[in-house]
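> Give me coordinates for this.
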Amino acid sequence: MINNTKMIGLKFDSDKIIHALIKSLPEPKWSNTYKMVYLPNTKQNLDHIFKLFKGVVWINYNRFSNNKPINTGNEPLDINWFRKRKTTPYYKYCPEKYLLKLELKRYSNNTVRIYVSFFEMYINFYYDRAINTLNEDDIRVFLQHLIQKKMSNSYINQAINAIKFYYELVLGMPNRFYEIERPRKEYKLPKVISKEEILLIINNTNNIKHRCVVELLYGSGLRKSELLNLKVNDIDSKRMLVRVQNSKGNKDRFTLLSKNALNDLRLYYKEYNPKNYLFEGQKGDKYSGESVLRIVKLASKKAGIRESISPHILRHSFATHLLESGVDLRQIQVLLGHSSTKTTEIYTHVATNTFKKIKNPLD
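Next comes the predicted model:
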C-alpha cells in the first residue's frame, strides 16, 4: 500500500535485461521505503507484466493467490460469540470484516479463537492508532515486545499469522508482510511414557467411561479433538478399526481398535447409552476437551506418575511403541494421519530399540 493505494511491487536482482523491460512498463516508480519498483495493482498491469517477462524470468505469482480452498469439513463455527461479547471501555475489538472473513473461510473454532485473541492483542498494543496507519516496522516493535516477555517461538508465529490474515486476506494485500522475520521453529522431541505407565493410568481411571477415553487416546493414537468428534458408528468392531472423520487438514482415515478397548466400550455403551457422539456430556452434547484433559491428569496423578501427562503424550507413546515393536514408519504415518513421513520420523529419535542396538563405548 502506497498512499492508501494497492500497488504491485517488483523485487529482483540487479540485471540489465530486467531493467530495460521494466522501463517499458506503464509509468513504473521506485519506492525508497520498500526498495522496489512499483506500479498500480490492476488486472491490466498484472497481465502486462506476465506477457512482458514471459520466457525471460520466473515470476512468483503466489503473492497474488490468496483465494485458497475454503475449509468445508470443520465443525460448525460459533463466531457469534465474539460479536456478542460484553464490551469493556478502552479495549479495541476485532473488526467485523475480520470475523466475517474467518466465517466465510470456515476456519475451525480453535483457529478463530487464536486469531481473534492475537489480533486484538496487536491492535490494543497500538490502542491510540488506527489500524490502517500501522506498517511493517510497527509489527516488528509488537513482536519485539512479545520476545522481551519471553514468549515461545510458536506463540510469536501464531501472532504473525493472525496479523497477516488481516492484511493479506481481509484487505486483500497478498504477502504484504512476507519480509517479517519469523523466529526459528523450535525442535523438541515428543514426550513419551512406557507401556507400564500407560496401563497404570488406565487402571487408575474413575469409571468405565474414563477408562475408554484413555484407551482410545492411546490404543488408537487419537488427537483430543478427534476423540471428541467420534460418533457411535465410527467404531468398526468387525474390522477392528476406528474411523476418524474431518481430522487435522480435513482428512478422513482409519486407525487401530484395541480388543481391550472394544470390550470396555461395550460395557460403557450398555451403561451410558450414548445417542450421537461416542462420548457425550450430561446434556447429551459433545464431551468437552477440558473433561478429557482432567481425566488424563487425574488418572496419571493417582498412578503416581510425577511428570505432567496430556492426551497428546498418549498419542506420542502410541506411535513410539508401534515403532519399537517393528511397525513400518509409513504404516504409522497412515495411522496417525500425518501428511508427510518427515512428521512421523521424529519418533525414531525417541524409540528405545534404536539405542538398544548400539553398544555403549564405556561398556
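
> Would you mind giving me the confidence score for residue 358?
At residue 358 the predicted local distance difference test score is 81.

> repeat for residue 164
The predicted local confidence for residue 164 comes out at a pLDDT of 89.

> Quick check: the gap between it and residue 115.
Using C-beta to C-beta, to the nearest Å, residue 164 is found at 10 Å from residue 115. From N, CA and C alone the C-beta is placed, and that goes for glycine too.

> and those two? which has more neighbours close in?
When neighbours are counted by other C-beta atoms under 10 Å, residue 115 comes out ahead of the other of residue 164 and residue 115, with 24 against 18.

> Leaving out the residues flanking it, which one is nearest to that one?
On the basis of C-beta to C-beta, 6 or more residues apart in numbering, the spatially nearest residue to residue 115 that is not a chain neighbour turns out to be residue 162, at 4.4 Å.

> Confirm for me that the one you found is in contact with residue 122.
Yes. Counting by C-beta atoms under 8 Å, residue 162 does reach residue 122; the two are 7.1 Å apart.

> Residue 102 versus residue 78, what's the distance?
Distance from residue 78 to residue 102, counting by C-beta to C-beta: 11 Å.

> Tell me which of these two has more neighbours.
Under the criterion of other C-beta under 10 Å, the comparison of residue 78 against residue 102 puts residue 102 first, with 23 against 10.

> And what about that one, helix, strand or coil?
Of the three states, residue 102 takes helix according to DSSP: H, G, I helix; E, B strand; the rest coil.

> ok, it - contacts?
Under the criterion of C-beta atoms under 8 Å, 6 or more residues apart in numbering, the contact partners of residue 102 comprise 77, 79, 111-112, 115-116, 165.

> out of those, who has the most neighbours?
Of the contacts of residue 102, residue 115 is surrounded by the most neighbours, 24 neighbours in total, counting by other C-beta under 10 Å.

> Now do the SS call for it.
Reduced to three states with three-state DSSP, the structure at residue 115 is helix.

> Show the pLDDT at it.
According to the model, residue 115 scores 95 on pLDDT.

> Let me see the mean pLDDT of stretch 260-279.
Across stretch 260-279, the per-residue pLDDT values average to 95.

> Stretch 142-153 now?
Model confidence over stretch 142-153 averages 91 on the pLDDT scale.

> Please apply the same query to stretch 181-190.
74.

> Dump the C-alpha coordinates for it into PDB.
These are the backbone C-alpha positions of stretch 181-190, laid out as PDB (Å, rounded to 0.1, in the frame of the first residue of the first chain):
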ATOM      1  CA  GLU A 181      11.300 -12.100  10.300                       C
ATOM      2  CA  ARG A 182       9.900 -15.300  11.800                       C
ATOM      3  CA  PRO A 183      11.600 -17.000  14.800                       C
ATOM      4  CA  ARG A 184      13.100 -20.400  14.000                       C
ATOM      5  CA  LYS A 185      10.800 -23.300  14.700                       C
ATOM      6  CA  GLU A 186      11.700 -25.000  17.900                       C
ATOM      7  CA  TYR A 187      12.700 -28.600  17.500                       C
ATOM      8  CA  LYS A 188      11.600 -30.500  20.500                       C
ATOM      9  CA  LEU A 189      11.300 -34.300  20.900                       C
ATOM     10  CA  PRO A 190       7.900 -35.700  21.800                       C
END
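
> Need the contact partners of it.
Under the contact criterion C-beta under 8 Å, 6+ apart, stretch 181-190 has outside partners 140, 147, 152-154, 156-157, 160, 313, 316, 319-320, 346-347, 349-350.

> One more pass at 6 Å, please.
Contact with stretch 181-190 is made by 153, 156-157, 316, 349-350, as judged by C-beta atoms under 6 Å, 6 or more residues apart in numbering.
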